[in-house]
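K.L.:
Fold the following for me, if possible:
(one chain, ligands or ions: 1)
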Amino acid sequence: MIRLTRYFPLLFLPVWHSIEIDRRVRQFCRIVSESLEEVTWSLNSNWKDYFDNQTHDISTEWNWTAHWHYLNNINKSRCDNFDTNNTLINFIKSSNNLLPTVDNLRKRNDIYDDVPCPACRDHEETLNHLVICTGLEQAFLTAEKETIDKIRKYLKRFKCKKSVTINELYISIFEYRDPAFPELKQRNRQELLRGLISHTIVKKLRKLTSKRIASLLSLKIIKYFHEAFRKHVWKPRCKMMNELEESLHITHQDKCKTSRTHKEDAETQRDHYRHTLTAFREQKASKYNEGLRRCKDHLYRLVTTGLLPPWKSRKITVQHKNNNNNNNNKKNYDK
Ligand SMILES: [Zn+2]
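P.N.:
From the prediction side, this is the model:
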């Protein structure tokens, strides 16, 4: 009992959503606010699908550690010059489907309604199309080659037992290069653009090198691929877009517009607005409820099993200590 008061000095039991908080209150509040923030992120339209379809364990799919490590490497105190800042912004945009592709531009400017993909001028431009666009295929191949070259150079630092051939690297990192899986091209590139590496790739790299080198490599692959994508694919694509805009007489002034104009009369517009507003409110309420439900699940899982959601892997080492503390707390309660 002495120990219990040491860890839990309150004389009453705080309750949150009918859950009794019988442990450190400040720590609990921190976990709740952190988890609410993360749940909000998981509801973001670009990531939502992955968290909604949780019929399978998503931890088996991607190596999240590499994703968070790369983000940390170019974020916060490490982001101290314009170059890093540009890389960070571009990475956040490409991993959240916020790059100014034509479909995204249309959301705020109707002048792009009839603008096709600037590279092939034959399809609608979305991020999904960008990775398989015929007009950018050569650029992607160059970006992939540069990634592989840099990875090979990086590998030379380590004394690997067996030498890794360029073909083995290609097949492991860009799985679609394997004649058995040509259909993986779109998915493979999309995942790399999002800054995600599948566990299958990591397993293959482990076989070629070692566990330690494979985890270092996953981080480097994301870094090198993203840099090469920006240099060889995105910048030339922007140049093509400028040329297309010029040929369509889209002026700088047109581009500055930030809201879509409606061609309908005022009354229809008002109806449309009311309808959208109601739909928006309903959507917001359902999102909020879903967020709270996920947050509760997350906390329940954390308290009962000490397990974190797989996408939070970056904090596992820190949390293990906390879990041990929690276990100690439990033991003390038992006494
Ligand atoms: Zn295209």
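K.L.:
Okay, strands next: where are they in the stretch 1-150 of the chain?
P.N.:
With strands called from DSSP state E, counting those that start in this stretch, the stretch 1-150 of the chain shows them at 15-16, 19-20.
K.L.:
can you list those in CSV and add distance to E34, mean pLDDT and mean neighbour count?
P.N.:
From N, CA and C alone the C-beta is placed, and that goes for glycine too. Formatted as CSV, the strands of the stretch 1-150 of the chain follow (distance: least, CB to CB, whole Å; pLDDT from 0 to 100; neighbours: other CB atoms under 10 Å):
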stretch, distance to E34, mean pLDDT, mean neighbour count
strand 15-16, 14, 80, 11
strand 19-20, 16, 76, 11
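K.L.:
now C160, nearest residue through space, not along the chain?
P.N.:
Closest residue in space to C160, ignoring its immediate chain neighbours: T209 at 5.5 Å, by CB to CB, 6 or more residues apart in numbering.
K.L.:
In TSV: the strands of the stretch 1-150 of the chain, plus distance to the ion.
P.N.:
Formatted as TSV, those follow (distance: least, CB to the ion, whole Å):
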stretch	distance to the ion
strand 15-16	50
strand 19-20	51
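K.L.:
Of the ones you listed, give the one that comes closest to N75.
P.N.:
Evaluated with CB to CB, these place strand 15-16 nearest to N75, the distance being 30.9 Å.
K.L.:
Partner strands of that closest one and their direction?
P.N.:
Taking DSSP bridges as the criterion, strand 15-16 sits next to strand 19-20 (antiparallel) in its sheet.
K.L.:
any residues touching the strand it pairs with, and which ones?
P.N.:
When contacts are defined by CB atoms under 8 Å, 6 or more residues apart in numbering, strand 19-20 is touched by residues 13-14, 296, 299.
K.L.:
Looking at those residues, which two lie furthest apart in space?
P.N.:
Pairwise distances among those were taken by CB to CB; the largest, 18.1 Å, belongs to L13 and K296.
K.L.:
which phi and psi does E125 have?
P.N.:
In this entry, E125 is assigned phi and psi values of phi -90, psi 120 (degrees, to the nearest 10).
K.L.:
Quick check: it vs N72, distance?
P.N.:
Using CB to CB, to the nearest Å, one gets 31 Å for the distance from E125 to N72.
K.L.:
who's more crowded, the two?
P.N.:
A side-by-side neighbour count of E125 and N72, using other CB atoms under 10 Å, places E125 first with 24 against 11.
K.L.:
Report the contact partners of the more buried one.
P.N.:
Taking CB under 8 Å, 6+ apart as the criterion, E125 is in contact with 101-103, 115-119, 133.
K.L.:
just the contacts of strand 19-20 that are near the ion?
P.N.:
With CB under 5 Å from the ion as the criterion, no member of the contacts of strand 19-20 is in contact with the ion.
K.L.:
and those residues, which are buried?
P.N.:
Listed as buried from those are 296, 299; burial here means 16 or more other CB atoms under 10 Å.
K.L.:
Near the ion, which residues of the stretch 1-150 of the chain? Just list them.
P.N.:
Among all residues of the stretch 1-150 of the chain, those adjacent to the ion (criterion: CB under 5 Å from the ion) are 117, 119-120, 123, 133.
K.L.:
again, only this time at 6 Å
P.N.:
117, 119-120, 123, 129, 133, 135 (CB under 6 Å from the ion).
K.L.:
Filter these down to the buried ones, ChimeraX style.
P.N.:
Selection command for ChimeraX covering only the buried members of these, criterion 16+ other CB under 10 Å:
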select :117,119,123,129,133,135
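K.L.:
what's the farthest-apart pair in the residues of the stretch 1-150 of the chain next to the ion?
P.N.:
For those, with distances taken as CB to CB, the pair at the greatest spread is H129 and G135 (10.3 Å).
K.L.:
Columns pLDDT on top of the residues of the stretch 1-150 of the chain next to the ion, output as a markdown table?
P.N.:
Formatted as a markdown table, those follow (pLDDT from 0 to 100):
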| residue | pLDDT |
| --- | --- |
| C117 | 93 |
| A119 | 93 |
| C120 | 91 |
| H123 | 91 |
| H129 | 94 |
| C133 | 93 |
| G135 | 93 |
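K.L.:
JSON lines for the residues of the stretch 1-150 of the chain next to the ion, including distance to F174?
P.N.:
Listed next are those as JSON lines, based on distance: CB to CB, whole Å:
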{"residue": "C117", "distance to F174": "23"}
{"residue": "A119", "distance to F174": "20"}
{"residue": "C120", "distance to F174": "21"}
{"residue": "H123", "distance to F174": "23"}
{"residue": "H129", "distance to F174": "19"}
{"residue": "C133", "distance to F174": "17"}
{"residue": "G135", "distance to F174": "20"}
